[in-house]
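Asks: Curious how this folds, go ahead:
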Amino acid sequence: MARYTGPKTKISRKFGEPIFGADKSFEKRNYPPGQHGNTRRRGKKSEYAIQLMEKQKAKYTYGILEKQFRIIFARASQSKGVTGEVLLELCESRLDNVVYRLGIAPTRSAARQLVSHRHITLNGALVNIASCHVKPGDVIGVREKSKSLTAITHSLDRNSAVYEWLTWNSSTLEGTFVSTPQRLQIPENIKEQLIVELYSK
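Replies: Now for the predicted structure:
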């Protein structure tokens, strides 16, 4: 799969915020990467550049490739409601993102790996497609044989995040996708309207 496997801190510095989660390296150097770092004179960005950066930020944040992102946008534009908000709601409904939000994995890339390695169940059935969309009422759990995996138990022990659209049962290691999150509930700092404007050109 053609996914970005380079240094994540470099990407975070590019966007000026830790989009992959807490990052000590970013805190030390929270300025754009490059030979001259913070001293380089940077001209004013064009409208197109700002819109493109926002789209790239969203793609990196959710770990989605360009082709997949275009498909999600097309689906959002055909849906009822505000296109930008529906776009983020669809990104949040991806299985790998839900696994991450539930705390089963510390990052979205780790969540994607757990799904592809068949450690996650959806409504009791094993799934290995990280991009499949979860619907309200669906139950996401950890496969019985995988419940003792150190990576999963360690991630759950360290997780303290609580989201209104998800419920978690720590005794069965199962979570329920109660409802599709509204834009105000999604914590990601993404200006979705800029993405809509970019694709509308």
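Asks: Taking the centroid of this protein, which residue is nearest it?
Replies: Of all residues in the chain, the one closest to the mean position by C-alpha atoms, centre = their mean is Tyr62, 2.9 Å from it.
Asks: What is the subsequent helix or strand relative to the helix-or-strand element of the chain with minimal mean pLDDT?
Replies: Lowest on mean pLDDT, DSSP states H and E among the helices and strands of the chain sits helix 24-28, with a mean of 60. Heading C-terminal from helix 24-28, the first helix or strand you meet, by DSSP states H and E, is helix 47-62.
Asks: residues of the following helix or strand past that next one that come out buried?
Replies: Toward the C-terminus, helix 47-62 is succeeded by helix 66-78 as the next helix or strand (DSSP H and E). Under the neighbour-count criterion of 16 or more other C-beta atoms under 10 Å, helix 66-78 has Phe69, Ile72, Phe73, Ala76 buried. The way it works is simple: take the backbone N, C-alpha and C, and place the C-beta from them, glycine included.
Asks: re earlier: contacting residues around the residue nearest to the centre of the chain?
Replies: Cys91, Arg94, Asn97, Arg108 (C-beta atoms under 8 Å, 6 or more residues apart in numbering).
Asks: Kindly report the same for Gln185.
Replies: If you count contacts by C-beta under 8 Å, 6+ apart, Gln185 has them with Tyr163, Glu164, Trp165.
Asks: Give the rounded mean pLDDT of stretch 148-162.
Replies: Per-residue pLDDT values over stretch 148-162 give a mean of 93.
Asks: To clarify, my last question referred to stretch 46-60.
Replies: 92.
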